[in-house]
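Undergrad: No sequence on hand, only this structure:
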């Protein structure tokens, strides 16, 4: 706590300014850690130097140093308060940076744990043994962290609607997998899937402007190669994965490529 400069402080004034209890100040006095002075009337008081020294003691205590160690430092013949404060300032800045790094790592861990929870909710209804197997494979994949962080960014209140929409779309799509991928009903559902995909990215990516042709082509290529993604589709219906990616590829080449600006805004 920063203490405002003042010519002298009574015990009570220094206690209030520093947040250190009067009883603690008396204890520091007894331990020759922070000795109070006396005015001509015999009243205890502290100087600005004492207030600055108390700040140094507070810092040392926050660093879990013992009172004996603190006393040895500040009572040493070569003790320089200004140098000590500069050093502690540097140490505290470094501690703040380390703390900020820890906070960021914890926030990432929270998002990953939240992502796993959201993924569980979205896949609810599929065999749990399969869900556990997929999550295990994702965790072992070099890009697994990114997958969980992606799902972790989805707003919790949106998860029920996301699941309902995905389940409804999948039920309808399973009814058209016997049709060629260029059939109008198939492409209508694929356009819906593209819009759902677009909406998901808008929710989870900063400065996102829409899934363009090149982005969608990468998604299709990666999806075909991702065993977990393929297995999820195949768990719903045999052959669904191949049909879906072929249909999405047709959509990319025959709809999105010519209408990027219009379609990328849909969500």
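TA: Noted; the coordinates are in hand. This structure is a prediction, so every number in the text was calculated from the model and none was measured. Numbers count the residues shown, from 1 in each chain.

Undergrad: Tell me where the stretch 101-250 of the chain is predicted with low confidence.
TA: Of all residues in the stretch 101-250 of the chain, none has pLDDT under 70.

Undergrad: Quick one: mean pLDDT for stretch 66-74?
TA: Averaging pLDDT along stretch 66-74 yields 82.

Undergrad: In it, which residues are buried?
TA: 70-71, 74 (16 or more other Cβ atoms under 10 Å). For glycine as for every other residue, the C-beta is placed from the backbone atoms N, C-alpha and C.

Undergrad: in terms of contact, does residue 21 touch residue 12 like I think?
TA: No: using Cβ atoms under 8 Å as the test, residue 21 is too far from residue 12 to be in contact (10.6 Å).

Undergrad: If you tally nearby residues, what's the number for the residue lying closest to residue 12 once chain neighbours are set aside?
TA: Leaving aside its sequence neighbours, residue 12 sits nearest to residue 22 (Cβ to Cβ, 6 or more residues apart in numbering; 6.3 Å). Per other Cβ atoms under 10 Å, the neighbour tally for residue 22 reads 13.

Undergrad: ok, now residue 58?
TA: Quick note: residue 58 (other Cβ under 10 Å) scores 15 neighbours.

Undergrad: Over to residue 56?
TA: Neighbours of residue 56 (other Cβ under 10 Å): 19.

Undergrad: State the three-state secondary structure for it.
TA: Classification of residue 56 using DSSP: H, G, I helix; E, B strand; the rest coil returns helix.

Undergrad: show me what contacts the nearest residue in space to it that is not next to it in sequence?
TA: Nearest residue to residue 56, sequence neighbours excluded (Cβ to Cβ, 6+ apart): residue 84, at 5.8 Å. By Cβ atoms under 8 Å, 6 or more residues apart in numbering, the contact list for residue 84 reads 56, 73-74.

Undergrad: With residue 147 instead?
TA: Per Cβ under 8 Å, 6+ apart, neighbours of residue 147: 115, 138, 141.

Undergrad: Skipping adjacent residues, who's closest to the last one in space?
TA: Once its chain neighbours are removed from consideration, residue 141 has its nearest residue in residue 147; the separation is 7.6 Å (Cβ to Cβ, 6+ apart).

Undergrad: buried set for the strand or helix carrying that neighbour?
TA: According to DSSP states H and E, residue 147 maps onto helix 144-152. If you call a residue buried by 16+ other Cβ under 10 Å, then helix 144-152 has these buried ones: 144-145, 147-152.

Undergrad: what comes up buried for the longest strand anywhere in the chain?
TA: Longest strand in the chain by number of residues (criterion: DSSP state E): strand 44-47. Neighbour counts over strand 44-47 (16+ other Cβ under 10 Å) mark 44-46 as buried.

Undergrad: Can you tell me which of those residues lies closest to residue 263?
TA: Proximity of the buried residues of strand 44-47 to residue 263 (Cβ to Cβ) peaks at residue 46, which lies at 71.7 Å.
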